[in-house]
Structures are given as structure tokens and as C-alpha cells.
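J.: Pasting the sequence and the predicted model now:
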Amino acid sequence: MLEKMFKLKENNTDVKTEVIGGLTTFMTMAYILAVNPSILSASGMDANAIVMATALAAFIGTLCMALLANYPFALAPGLGLNAYFAYTVCGAMGYSWQIALLAVLVEGIIFIVLSLTNVREAIFNAIPMQLKKGVSVGIGLFVAFIGLQNGNIVVNSDSTLVTVVDFTENFNTVGISALLCLIGLVIIAILHIKNVKGSFLIGIFATWILGIICQLTGLYQVDIDAGFYSLIPTQWISFDFSSLGLTFGQCFKADVSGIKALDFVVIIFAFLFVDMFDTIGTLIGVANKADMLDENGKLPKIKQALLADAIATSAGAVLGTSTTTTFVESSSGVSEGARTGLASVVTGFLFLLAIIFAPVFTTIPGFATAPALIFVGFLMVSAIVDIDFNEPSEAIPAFLCLIAMPLLYSISEGIAVGVISYVIINVCVGKAKKIHPLMYVLAVLFVLKYIFL
């Protein structure tokens with residue numbers, strides 16, 4: 001049955017590989033179960049309700065991706081847009097979280113329409129192949145940078161913006177977690193070189209177990225105010241689901257009487273714009289890593305993948321969470337060999353189980369999953385050898401795109417830089433004929449975004 005549904009042999013994979021890939025993707029994404037509530041609760045929403053809404057939205061979206069597109073891509077409420085939801089819409093603009101959820105629902109419905117009418121697919125296909133390679137490399141750098149931060153190896157600096165951690169200062173919190181992250185990275189690297197299946201998953205658990213040992217021996221010390229929590233679960237399961245009712249369906253109860261029409265349009269457009277290009281960028285990067293793009297740089301079943309993403313956003317809004325999107329961490333499962341929707345089914349059901357086992361999953365520290373993200377960055381950067389540096393009109397926009405993603409801390413900003421520079425450079429050097437008409441439209445929209453948003 002699994003063979004018939006997911007075409008495992010056709011995709012050169014098997015059940016074991018897909019299960020390991022799905023587990024790995026979940027482990028590298030599980031942090032969202034802790035991070036999303038901590039951000040969205042600033043809007044006044046109930047934290048326990050957000051945990052359940054986050055897990056259910058991830059389950060629905062990832063299952064849709066598996067059944068509609070048969071791809072090993074997982075979805076969950078995305079970082080960045082949840083901060084915009086809580087701190088801008090509900091904070092600076094002063095709107096209720098019910099209004100914000102309504103905006104997310106409207107965005108999701110618009111996305112469903114755009115997905116059914118081929119608009120998002122056309123945008124995906126309009127991006128030149130060399131620029132897509134740049135997107136893949138940029139995402140690799142971005143993911144690695146996130147991993148270095150989560151592992152406390154890269155920290156803030158007043159003079160240079162970022163710098164390497166001082167291992168001796170606050171050794172029992174920052175220092176030891178950074179050291180454990182590096183140990184985890186070495187474990188994954190060695191296992192990968194030796195072709196051990198499940199190297200990411202083993203590395204994550206090994207790092208977490210080492211962390212627990214350090215906590216028991218006093219090398220790692222809990223400091224909640226500094227963000228260093230106990231690595232030992234205090235509770236294993238919870239069957240209290242009543243809090244979900246505090247957010248479920250609240251988008252339909254939003255008081256729209258005080259909404260300024262222009263404000264609401266801007267809010268929807270901001271959600272729409274960032275979500276669209278974050279998703280497209282992630283699909284390009286992960287699909288390229290999985291060698292799923294055809295010779296023309298197109299992704300088969302892209303419409304179904306984008307539709308799954310749109311359905312997930314709409315469902316998430318009804319459940320009570322910000323925009324649900326395709327996660328770049330899916331590349332960790334792909335790196336383990338996942339190639340079909342079976343991996344997504346595994347990831348999706350783990351998110352469903354996470355509602356019960358949330359106390360366990362949310363205990364896994366960031367420095368334990370960070371090594372997997374750093375190593376995924378290494379694997380994705382390999383696409384840089386496919387960029388034709390002998391053709392500067394193609395290579396320069398690809399470079400600007402890939403360097404912008406980690407430095408601007410945004411996939412969508414990297415795509416914006418790549419698209420704008422591609423159009424300007426090629427028009428100015430007399431190569432306008434090779435530019436897809438949609439690229440001109442995208443370039444203008446990105447420029448307008450920087451002017452008005």
C-alpha cells in the first residue's frame with residue numbers, strides 16, 4: 001500500500017529511509033512548539049492554546065503536502081511572520097489578535113485562489129535557473145547561520161554585529177551549550193562521512209543526552225532568566241486539550257468595526273508577500289537539494305505543493321496561529337534520503353503526537369538541534385558549484401541573492417535582492433530579451449515593497 005501511494009521505488013527510497021527522514025525533519029522543527037507560543041503570547045493569546053494550534057496546523061499542512069504532492073516537505077507556523085503578527089499588528093498597530101488571525105485567514109484564502117490559478121506556479125517557473133541555484137546556496141548559509149546562533153556559537157556584538165562566543169564567560173550556560181553544539185556537529189560529520197543512516201537524528205539525541213549528563217554533573221546550569229532551561233523533562237504527557245477552545249474559530253469573531261481599511265490591506269499584503277516568497281524560496285532550495293527540479297528548473301507538482309501551503313495557512317488561522325508555511329528544516333530530512341510524502345506523513349503525525357508529548361519535545365534544547373542545521377547548510381552550499389561564474393550577468397545576481405539571505409536574515413529579502421539585481425543588470429548590459437516578463441513584474445513589486453512597506 002505504501003509503495004502504491006508514495007511510489008517509493010520510483011523515487012529510489014524505502015520505508016526505513018523515509019521514516020528516518022521524517023523523524024529528522026521533525027526533530028529539527030520541534031523547536032517551533034516552544035518558540036511560537038513564546039512569541040504569539042505577547043499578543044494576548046493563551047500559550048497552551050498556541051502550542052496545540054501550532055502542532056495541529058503543522059499536522060494538517062504536512063499531511064496535505066504528503067497526500068497532494070507526495071513531497072518530503074514539512075510545514076508549521078513560520079518564524080518572522082509570527083513576530084510581525086505579535087509585535088507589529090497586535091503591538092505597534094494596536095489591533096486585537098482576533099483581527100490578526102482574520103488577516104491570516106484572508107491571506108490563506110487568497111493563496112488558495114492564486115495556487116489554483118497558476119499564479120504562484122508561474123512565479124516559481126519565471127525565476128532563472130542560475131538564480132534558483134543562488135537561492136539554494138543562500139538558504140544553506142541562512143540555515144547554517146541560524147544553527148550557529150541556536151548553538152550559541154555566534155553571538156551578538158556591539159562593534160561587529162556578530163562574533164564568536166567567549167567560551168569562558170558564563171561557561172555553565174552559554175559556554176557549555178556552545179561546546180556541546182560543536183561536539184554534536186563533529187558527531188554528525190563523522191557519521192555522515194561513514195554513511196551511517198540517521199546521522200542527524202543520532203547527533204541530535206547524542207547532544208541532548210550529553211547535555212543532560214552535564215546538567216546532572218553541574219557543568220550545565222539552569223538559568224531561566226537567561227533562556228537556559230532544564231534539559232530533563234519534568235512531565236512526559238498531558239491530555240488536557242481544553243485550552244484550544246480559547247483560540248479555535250476566534251478569527252470569525254473578530255470585531256471589524258474599528259479596522260482601518262488601508263491598514264488591513266497593508267497587513268494582508270505583508271503576510272502575503274513574505275509568505276509567498278519564503279515558501280517559493282524554501283521549495284526551490286529544498287527541491288534543488290533533493291534533485292527534484294527538472295532540466296528547466298521546474299518542480300513537478302508545484303501547484304499541489306503550493307496548494308497544501310495555502311490550505312495550511314487557512315487552517316492555522318482557524319485553529320489560532322500565525323501563517324503556516326513550508327519549513328526550510330525539511331532539508332534535514334531530505335539530506336537523510338527522504339524523497340516522498342511518506343516522510344511528511346511521519347513528520348505530520350509526530351506533530352500530532354506532540355500535543356500529548358509536548359513537555360518532552362519542548363525540552364530538547366536549541367543547541368542539540370543546531371548541529372543538524374549547521375550541517376544542512378554545508379550540504380546545501382554544495383549547489384554553488386552549479387552556478388556559472390563565467391556568465392557574470394547570471395552569477396552576480398545569484399551571488400547577491402545568496403549573500404543577502406543570511407545577512408538580511410530573510411529568504412524573501414534574498415529573493416528580492418536577486419530578482420531586482422537580475423533585471424537591472426541584464427537590462428543594462430543589453431540582455432533584456434532573455435528576461436521572463438514576470439521577472440519585470442516581480443522586480444517592480446519588490447521595489448514598491450521597499451518604498452511603501
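T.: Nice, thanks for sending it over. Residues are numbered from 1 along each chain as shown.
J.: hey, C-alpha coordinates of stretch 344-351 in PDB?
T.: C-alpha atoms of stretch 344-351 as PDB (Å, rounded to 0.1, in the frame of the first residue of the first chain):
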ATOM      1  CA  SER A 344       6.000  14.100   5.600                       C
ATOM      2  CA  VAL A 345       3.300  11.700   7.000                       C
ATOM      3  CA  VAL A 346       5.800  10.700   9.700                       C
ATOM      4  CA  THR A 347       6.600  14.300  10.500                       C
ATOM      5  CA  GLY A 348       2.900  15.300  10.500                       C
ATOM      6  CA  PHE A 349       1.900  12.500  12.900                       C
ATOM      7  CA  LEU A 350       4.800  13.300  15.200                       C
ATOM      8  CA  PHE A 351       3.400  16.900  15.400                       C
END
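J.: tell me which residues of it are tucked away?
T.: Within stretch 344-351, the residues that count as buried by 16 or more other CB atoms under 10 Å are S344, V345, V346, T347, G348, L350, F351. From N, CA and C alone the C-beta is placed, and that goes for glycine too.
J.: And the pLDDT for the fourth one?
T.: T347 is assigned a predicted lDDT (pLDDT) of 96.
J.: What strand or helix carries it?
T.: helix 341-361 (DSSP states H and E).
J.: Tell me which helix or strand comes right after that helix.
T.: On the C-terminal side of helix 341-361, the closest following helix or strand by DSSP H and E is helix 366-381.
J.: which strands and helices sit next to that following helix?
T.: Judged by 3 or more CB pairs under 8 Å, 6 or more residues apart in numbering; DSSP states H and E, helix 366-381 is in contact with helix 15-29, helix 129-150, helix 176-193, helix 199-217, helix 261-289, helix 330-335.
J.: Export the helix or strand just after it to CSV, keeping only CA atoms.
T.: The C-terminal neighbour of helix 366-381 among helices and strands, as given by DSSP H and E, is helix 392-408. Extracted as CSV, the C-alpha positions of helix 392-408 are listed here (Å, rounded to 0.1, in the frame of the first residue of the first chain):
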residue,chain,number,x,y,z
PRO,A,392,28.5,37.4,-14.8
SER,A,393,25.0,38.6,-15.8
GLU,A,394,23.7,35.3,-14.2
ALA,A,395,26.3,34.8,-11.5
ILE,A,396,26.3,38.3,-9.9
PRO,A,397,22.5,38.3,-9.1
ALA,A,398,22.9,34.7,-7.8
PHE,A,399,25.7,35.9,-5.5
LEU,A,400,23.8,38.9,-4.3
CYS,A,401,20.8,36.7,-3.6
LEU,A,402,22.8,34.1,-1.7
ILE,A,403,24.8,36.6,0.4
ALA,A,404,21.7,38.6,1.2
MET,A,405,19.7,35.8,2.8
PRO,A,406,21.9,35.2,5.9
LEU,A,407,23.0,38.9,6.2
LEU,A,408,19.4,40.3,5.9
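J.: buried ones in helix 392-408?
T.: For helix 392-408, the neighbour count (16+ other CB under 10 Å) marks 393-406 as buried.
J.: Make JSON lines from the residues you listed and add distance to L307 and pLDDT to it.
T.: Shown next, in JSON lines, are the buried residues of helix 392-408 (distance: CB to CB, whole Å; pLDDT from 0 to 100):
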{"residue": "S393", "distance to L307": "34", "pLDDT": "95"}
{"residue": "E394", "distance to L307": "31", "pLDDT": "95"}
{"residue": "A395", "distance to L307": "33", "pLDDT": "96"}
{"residue": "I396", "distance to L307": "34", "pLDDT": "97"}
{"residue": "P397", "distance to L307": "29", "pLDDT": "96"}
{"residue": "A398", "distance to L307": "28", "pLDDT": "95"}
{"residue": "F399", "distance to L307": "33", "pLDDT": "97"}
{"residue": "L400", "distance to L307": "31", "pLDDT": "97"}
{"residue": "C401", "distance to L307": "26", "pLDDT": "93"}
{"residue": "L402", "distance to L307": "28", "pLDDT": "93"}
{"residue": "I403", "distance to L307": "32", "pLDDT": "96"}
{"residue": "A404", "distance to L307": "29", "pLDDT": "93"}
{"residue": "M405", "distance to L307": "26", "pLDDT": "88"}
{"residue": "P406", "distance to L307": "30", "pLDDT": "89"}
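J.: Make CSV out of those residues and add distance to K7.
T.: CSV is the format used below for these (distance: CB to CB, whole Å):
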residue, distance to K7
S393, 39
E394, 34
A395, 36
I396, 39
P397, 36
A398, 32
F399, 37
L400, 38
C401, 33
L402, 32
I403, 37
A404, 37
M405, 32
P406, 35
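J.: which among those residues gets closest to M65?
T.: Nearest to M65 among the buried residues of helix 392-408: M405, at 22.7 Å, using CB to CB.
J.: neighbours around Q215, how many?
T.: 18 (other CB atoms under 10 Å).
J.: Setting aside sequence neighbours, what's the nearest residue to it?
T.: L231 (5.1 Å; CB to CB, 6 or more residues apart in numbering).
J.: That neighbour: what's it in contact with?
T.: Contact partners of L231, counting by CB atoms under 8 Å, 6 or more residues apart in numbering, are W208, G211, I212, Q215, Y220, T363, P365.
J.: tally of neighbours for V164?
T.: Neighbours around V164, by other CB under 10 Å: 11.
J.: Next, find the distance separating it from I384.
T.: 24 Å (CB to CB, to the nearest Å).
J.: and if you look at S230?
T.: 40 Å.
J.: Between the two, which is the more surrounded one?
T.: Using other CB under 10 Å as the criterion, S230 and I384 rank with I384 on top: 18 against 14.
J.: wouldn't the more buried one be in contact with V135 here?
T.: No. Applying CB atoms under 8 Å, one finds I384 not in contact with V135, separated by 11.5 Å.
J.: still on that earlier bit, and the two most separated of the contacts of L231?
T.: Greatest spacing in these, by CB to CB: Y220 and T363 (13.0 Å).
J.: re earlier: any idea which helix or strand carries the residue nearest to Q215?
T.: With DSSP H and E as the test, L231 turns up in no helix or strand.
J.: Am I right that I204 is in contact with P371?
T.: Yes. With contact defined as CB under 8 Å, I204 reaches P371; the gap is 7.3 Å.
J.: What count of nearby residues applies to V113?
T.: That count, for V113 with other CB under 10 Å as the rule, works out to 11.
J.: now do I183
T.: I183: 17 neighbours (other CB under 10 Å).
J.: can you check S199 too?
T.: Using other CB under 10 Å, S199 has 23 other residues around it.
J.: what about the nearest residue to it once chain neighbours are set aside, distance to F200?
T.: In space, and not counting its chain neighbours, S199 is closest to L191: 3.5 Å by CB to CB, 6+ apart. L191 is 8 Å from F200, where distance means CB to CB.
J.: Please apply the same query to T234.
T.: On the measure of CB to CB, T234 and F200 end up 27 Å apart.
J.: same question, A290
T.: 15 Å.
J.: try A42
T.: Counting by CB to CB, the gap from A42 to F200 is 32 Å.
J.: Which one of those two is surrounded by more residues?
T.: Taking neighbours as other CB under 10 Å, A42 and F200 compare with F200 leading, 30 against 16.
J.: Before I go, just wanted to say thanks for your time.
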